[in-house]
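>>> The following block contains a protein sequence and its predicted model.
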Amino acid sequence: YSCKIRLGGEERWHRIVARSTWSADDPPKYTGFIGKAVDIHDSHLKLATLEQEASHDALTGLLNHAYAQKRILAQMEESPTSQYALAILDLDHFKSANDNYGHSFGDQVLRHMAERLRFSIRGGDIAARVGGDEFLIFLEYNADLEPVIQRIYNAISGGKFDEFTISVSMGVATTEKVGSNYDTL
């Protein structure tokens, strides 16, 4: 069993190892238990860091495509009768941002875009960087989808990042229209 234990004002992760002790009588009688708490804080943090690196895009902090796909498939499997939408969006003229202002500027544009995307979706929605200047949004919906997509589109498109105008192209597919196959979506 692993848990946090507060020692000296600091919470650290520990693994608790315990076993019961029994008498030599027949039948045996419970006599107590013995155990220890092993500090695993550093290894726990390293593992959490590795999991973060494996599941998230290093530049934007959004989920990476492989992990987003895994989460999407799990969500569709968990609630197969729900209605879902998958949106793919692409930054328009992104190549010109890199060409005219440099790749460091392009990276800043991608981070800016990821932040706008993060703030435009709900807590249960999935946002990921698919690659390059392409992003993915996966969401469950109950009512009319169009206002939700329009709100997200308006939140992420328009305006400028320094001198670069933010414009996106976006396509949306729904499980209602194409089914629950991820590749088809």
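The structure has been received and is ready for your questions. Numbering: from 1, shown residues only.

>>> C-alpha only now, for contacts and for neighbours.
Fine.

>>> So what touches the helix or strand where Asp99 lies?
Assigned by DSSP states H and E, Asp99 belongs to helix 94-101. Residues from elsewhere that reach helix 94-101 (CA atoms under 8 Å, 6 or more residues apart in numbering): His103, Ser104, Phe105, Gly106, Asp133, Phe164.

>>> Please pick the buried ones from these.
Buried members of those, scored by 16 or more other CA atoms under 10 Å, are Phe105, Gly106, Asp133, Phe164.

>>> Quick check: next helix or strand after the helix holding Asp99?
Note on helix 94-101: by DSSP H and E, the next helix or strand toward the C-terminus is helix 103-120.

>>> circling back: farthest-apart pair in the buried ones among the contacts of helix 94-101, please.
Pairwise distances across the buried ones among the contacts of helix 94-101 peak at 14.1 Å for Asp133 and Phe164 (criterion: CA to CA).

>>> re earlier: from the buried ones among the contacts of helix 94-101, pick the one nearest Ala127.
Closest to Ala127, out of all of the buried ones among the contacts of helix 94-101 and judged by CA to CA, is Asp133, at 13.4 Å.

>>> ok now do the closest one, which residues does it touch?
By CA under 8 Å, 6+ apart, the residues touching Asp133 are Asp90, Leu91, Phe94, Leu110.

>>> Look up how far Gly158 lies from the residue nearest to the second one when sequence neighbours are not counted.
Ranked by CA to CA, 6 or more residues apart in numbering and with sequence neighbours excluded, the top spatial neighbour of Leu91 is Val168, at 4.6 Å. Between Val168 and Gly158 the distance, using CA to CA, to the nearest Å, works out to 8 Å.

>>> now what about the longest strand seen in the chain, what contacts it?
Secondary structure of the chain per DSSP state E: the longest strand is strand 10-22. Outside strand 10-22, the residues that touch it by CA under 8 Å, 6+ apart are 1-6, 28-41, 44.

>>> Next, check those against the helices and list the overlap.
Under the assignment DSSP state H, these contribute His41, His44 to helices.

>>> And the closest residue to Gly35 other than its chain neighbours, how far from Ser2?
The shortest distance from Gly35 to any non-neighbouring residue, by CA to CA, 6+ apart, is to Ala18 (3.9 Å). Separation of Ala18 from Ser2 (CA to CA): 12 Å.
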